[in-house]
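Colleague: give me the fold of what follows.
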Amino acid sequence: MTNLKGMGVALITPFKKDKSIDVEALKKIVQFQIKNNTDYLIVLGTTGEYATLTSEEREIVKSTIIEENAGKLPLVLGIGGNNTAAVAEQLQTEDSSGFDAILSVSPYYNKPSQEGIYQHYKVLSENTPLPLIVYNVPGRTSSNILPETIARLALDFENIIGIKEAAGDMVQAMKMIDQTPDDFLVISGEDMLALPMVLAGGDGVISVIGEGFPKSFSKMIKLGLEHKVKEAYQIHYRIAPAIDMIFEEGNPSGIKTVFNQLNLAELSVRLPLTPVSEDLRNRINSFTKEFYKS
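Modeller: Model (predicted):
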């Protein structure tokens with residue numbers, strides 16, 4: 001799956017002021033990614049506010065992105081949950097045509113053991129029609145997938161092709177890179193650690209900040225993959241303040257502020273999320289203006 005190396009972005013779901021899906025804005029955002037060197041798109045993940053969408057709305061998002069993308073970029077579909085049987089059924093029944101892989105978050109809230117996590121993904125592996133990328137994000141799930149568990153999954157199931165690693169732990173990430181086969185994708189799920197992980201042998205990033213600044217962030221990842229360290233870190237340190245800001249009051253409220261400044265989307269999010277404070281909005285707007293001037 002070399003087409004999933006580089007910079008993938010976790011697409012937002014733009015809403016109108018009345019909180020309905022803004023289909024036209026979604027089309028513009030897809031085109032913005034295509035024209036600015038994004039390598040692949042993640043559809044209906046956390047950043048897409050998947051949990052607040054109805055099944056009908058999810059189909060609207062999927063069909064809109066597939067149609068607008070028109071086969072230009074690989075597409076990864078988010079399907080996950082903490083009920084293994086339900087996720088397996090969804091993998092079997094949901095229309096995933098037009099997608100290249102599935103991204104599935106580790107079970108949240110249940111706090112399974114490492115064996116429970118392994119067995120969960122074993123069942124998903126046996127029921128998915130597409131290659132599967134594991135998503136480890138302990139800050140949201142309250143359980144961490146250890147490198148040894150990922151190594152087991154990578155070795156035991158050919159269709160488990162990678163991990164989006166978002167534990168924020170470089171030592172753990174390096175162990176995953178070291179303990180998994182060379183063709184297993186270890187993808188950063190942390191924007192601030194994306195470049196260090198690539199330089200350590202990782203395969204890229206699934207990014208939030210990259211969605212708002214795709215040309216620069218994708219160039220940084222490409223330079224990292226080419227081991228052009230100095231040039232890559234110049235971009236990293238230039239964009240790092242924005243990474244802190246967009247997550248300061250929650251995701252995707254921060255990145256939607258960037259898109260609002262770029263006239264691509266409204267600020268609207270669905271409860272329990274709220275738009276960022278006026279102070280943070282002003283700081284994000286100021287950064288975005290200056291970034292795009294230079």
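Colleague: can I get stretch 141-148 as CSV, trimmed to CA atoms?
Modeller: Provided in CSV are the C-alpha atoms of stretch 141-148 (Å, rounded to 0.1, in the frame of the first residue of the first chain):
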residue,chain,number,x,y,z
THR,A,141,-9.8,5.4,24.1
SER,A,142,-8.3,5.1,27.6
SER,A,143,-6.2,2.0,26.5
ASN,A,144,-2.9,1.8,24.7
ILE,A,145,-1.9,-0.7,22.1
LEU,A,146,1.6,-1.9,22.9
PRO,A,147,4.3,-2.5,20.2
GLU,A,148,4.2,-6.2,20.9
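Colleague: quick one, helices of the stretch 151-294 of the chain?
Modeller: Assigned by DSSP state H, counting those that start in this stretch, the stretch 151-294 of the chain shows helices spanning 170-179, 194-199, 209-212, 214-225, 229-248, 253-261, 278-293.
Colleague: those helices: which one's closest to Asn83?
Modeller: In terms of CB to CB, the element of those nearest to Asn83 is helix 170-179, at 26.1 Å. The C-beta positions use only the backbone N, C-alpha and C, and glycine is treated the same way.
Colleague: tell me the buried residues in the closest one?
Modeller: Using 16 or more other CB atoms under 10 Å as the test for burial, helix 170-179 gives 172-177, 179.
Colleague: give me the contact list for that helix.
Modeller: Contact with helix 170-179 is made by 144, 146-148, 150-151, 163, 165, 167, 186, 188, 193, 196-197, 200-202, as judged by CB atoms under 8 Å, 6 or more residues apart in numbering.
Colleague: off-centre distance for it?
Modeller: Chain-centre distance of helix 170-179: 19 Å, with CA atoms, centre = their mean, to the nearest Å.
Colleague: picking that back up, just the buried ones from the contacts of helix 170-179?
Modeller: Among the contacts of helix 170-179, the ones that count as buried by 16+ other CB under 10 Å are 144, 146-147, 150-151, 163, 165, 167, 186, 188, 193, 196-197, 200, 202.
Colleague: just the residues you listed now: which is nearest Asp18?
Modeller: Nearest to Asp18 among those is Ser188, at 35.7 Å by CB to CB.
Colleague: I'd say the closest one and Gly201 touch.
Modeller: No. Counting by CB atoms under 8 Å, Gly201 is not a contact partner of Ser188; they are 11.5 Å apart.
Colleague: what about the helices in the stretch 1-150 of the chain?
Modeller: Under DSSP H, counting those that start in this stretch, the stretch 1-150 of the chain gives helices at 23-35, 55-69, 84-93, 114-127, 138-141, 147-156.
Colleague: helices or strands up against the fourth one?
Modeller: In other words, helix 114-127. Judged by 3 or more CB pairs under 8 Å, 6 or more residues apart in numbering; DSSP states H and E, helix 114-127 is in contact with helix 84-93, strand 132-136, helix 147-156.
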